[in-house]
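> What follows is a predicted protein model with its sequence.
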Amino acid sequence: VQLQASGGGLVQPGGSLRLSCTASGFTLETYAIGWFRQAPGKEPEGISCISREDDSTFYRDSVKGRFIISKDNARNTVYLQMNSLEPEDTAVYYCAAGPTCNSPATFYSYWGRGTQVTVSS
């Protein structure tokens, strides 16, 4: 079982990036997929999640209206479209597979390697 996150990079404030999280060894109907991030000196935080049952989506307040999570079952991939990026979005972003979108991060069984997102002019 593996998750591969990609798509990070350096972007100017107001710009966009799309992160991808590709799963192998299981299908997306098996787990909820969440995106988490950790900024330097800060605690990790969950920012978005898509459920396994009905593709319900959830967002942290700070990213609502700017980020969109989606999934492509044929590609076994979850995407996080990030728009109107702000310097405060700078962090290492991780995707993870867990039982439900309401589960705490400690319940998430599988984690991908992080991808760095830097928002700076």
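Right, received. Where do you want to start?

> Over to the residue nearest the centre of the chain: give its phi and psi.
Residue closest to the average C-alpha location in the chain (CA atoms, centre = their mean): residue 35, at 2.5 Å. Torsion angles at residue 35 (phi, psi; degrees, to the nearest 10) stand at phi -110, psi 130.

> Might you report the residue contacts of it?
Contacts for residue 35 (CB atoms under 8 Å, 6 or more residues apart in numbering) come out as 19, 21, 46-49, 69, 78, 80, 93-96. (Each C-beta comes from the backbone N, C-alpha and C, glycine too.)

> repeat for residue 67
Contacts of residue 67 by CB under 8 Å, 6+ apart are 47-48, 59, 80-83.

> By neighbours, which of the residues you listed wins?
Highest neighbour count within the contacts of residue 67, by other CB atoms under 10 Å: residue 82, with 27 neighbours.

> my guess is that one contacts residue 117, does it?
Yes: between residue 82 and residue 117 a contact is recorded at 7.4 Å, counting by CB atoms under 8 Å.

> okay, and the common contacts of the two?
The contact sets of residue 82 and residue 117 overlap at 17, 19, 89 (CB under 8 Å, 6+ apart).

> for those, which one is nearest residue 40?
Each of those was scored against residue 40 by CB to CB, and residue 89 proved nearest at 12.8 Å.

> Leaving out sequence neighbours, find the closest residue to that closest one.
residue 119 (5.1 Å; CB to CB, 6 or more residues apart in numbering).

> repeat for residue 115
residue 8 (3.5 Å).

> Now do the one you found against residue 63, distance only.
Relative to residue 63, residue 8 is positioned 15 Å away (CB to CB, to the nearest Å).

> Please say which of those two ends up with more neighbours.
Neighbours around residue 8 and residue 63, counted as other CB under 10 Å, are more numerous at residue 63. The numbers are 22 against 18.
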